[in-house]
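I'll drop the sequence and a predicted model, then ask my questions.
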Amino acid sequence: MAEPAATGRCTLCGAGYTRLHERRRCVCRAVPASCYKNGMRIEVHAPVAILSYHQTDLPPPRGTPGRCLVVPPLRFERQMRALHALGWRGLSLRDLAPYLRGERAGKVVGLTLDDGFLSNFLHALPVLQRLGFTATAFVVSAHVGGTNCWDAPLGAALRPLMDLPHLRAWARAGMEVGAHTCHHGDLTAIAPSRARAEIVQCRRDLELALDQEVRSFSYPYGRHRAEHVAWTRTAGYEWAVTTFSQRACAGADPLRLPRITVWSSTPLPLLLGQVATGLEDRQRAIARAVRCALMPQWHVPAG
Ligand SMILES: [Zn+2]
């Protein structure tokens, strides 16, 4: 039987697939990562979930701001083990690149950890290594070895961040170090010239300190505008992540990638549903449609 025709792209969402699919609908939402049609294996690309963690640590007392982002180490391990047992592979953004470009298909999930907390080195790294997973830690370059002092005005608990030897060991273990600006400022709330410097200088500082290329970026608080996306591009980043909550389609804008935040309270079945099914995508699409219908003036573009 003849091979399906050349490389194609979804006519609706633009997601690429390695072989042309007969269906004229968005295959990334319609079918699993691979299927058989007329006896031929057809490669299609299911959306990829990129998970966003912050701390893997014992939570601070109830009522402490930011507590919802602290996932206990045992819970994190249970989540990773469950994904592994179900055949999923956790990958850093760097390792996820071929899947996001639509060049490969498979049961993969992106793993990112914002802010560079030491707890992730102590608790998450051993779990990732045992399972053969990789992950990206997004580091605030001016606070390497310090604390998350930018959270102090909110009353959040201050916790130690990885220092340079930790970051070097993180990278040696096959993990990725990404950039998260120099000072963790909200890019949409500071002067444009400063925002640009935060994006550009963070990459330079980390590359100089680690002697390796830094290609991934995370917008602090997920907040960004079109000019920030443009500056990440000119600064040389290949990937940038937001907090817009849905899975990433192959062929999605690499500098505005959505992520699904894992909260301290996220139950394991929900997490697995968010990774493996369109649960999060549908929820967000419905919420957006309702918001647009009821309050069109509140509608803002994704991210
Ligand atoms: Zn952050």
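In hand now; what should we look at?

The helix or strand containing S193 near the ion at all?
Taking DSSP states H and E as the definition, S193 sits inside helix 192-210. No - against the ion, helix 192-210 shows no contacts by C-beta under 5 Å from the ion, the least distance being 12.0 Å. Using the backbone N, CA and C atoms, a C-beta is placed for each residue, glycine as well.

same for the next helix or strand after that helix, what does it pack against?
Under the assignment DSSP H and E, the closest C-terminal helix or strand after helix 192-210 is strand 216-218. Helices and strands touching strand 216-218, by 3 or more C-beta pairs under 8 Å, 6 or more residues apart in numbering; DSSP states H and E, are strand 136-139, strand 176-179, helix 192-210, strand 239-241.

run the last query once more with 7 Å
Where contact means 3 or more C-beta pairs under 7 Å, 6 or more residues apart in numbering; DSSP states H and E, strand 216-218 is packed against strand 176-179, strand 239-241.

how about the first one against the ion, any contact?
Meaning strand 176-179. No - looking at strand 176-179 against the ion by C-beta under 5 Å from the ion, there are no contacts, and the closest approach is 11.1 Å.

With the last one instead?
No - counting by C-beta under 5 Å from the ion, no contacts exist between strand 239-241 and the ion, the nearest distance being 10.7 Å.

how far does the very next helix or strand once past that strand sit from the chain's center?
Using DSSP H and E, the next helix or strand after strand 239-241 towards the C-terminus is strand 260-261. Mean-position distance between strand 260-261 and its chain equals 8 Å (C-alpha atoms, centre = their mean, to the nearest Å).

Around the ion, pick out the residues from the stretch 51-200 of the chain.
That would be D114, D115, which are the residues of the stretch 51-200 of the chain within reach of the ion (C-beta under 5 Å from the ion).

Could I get the full set of strands for the stretch 51-200 of the chain?
Remark: strands assigned in the stretch 51-200 of the chain by DSSP state E, counting those that start in this stretch are 55-56, 70-71, 89-91, 108-114, 136-139, 176-179.

Show me what the second one is packed against.
Of the remaining helices and strands, those touching strand 70-71 by 3+ C-beta pairs under 7 Å, 6+ apart are strand 55-56.

Report the strands that pair with the strand it packs on, each with its relative direction.
Here strand 55-56 is paired, per DSSP bridges, with strand 70-71 (parallel).

what mean pLDDT does the partner strand have?
Here strand 70-71 scores 96 as its mean pLDDT.

One more: stretch 256-266?
Mean per-residue pLDDT for stretch 256-266: 95.
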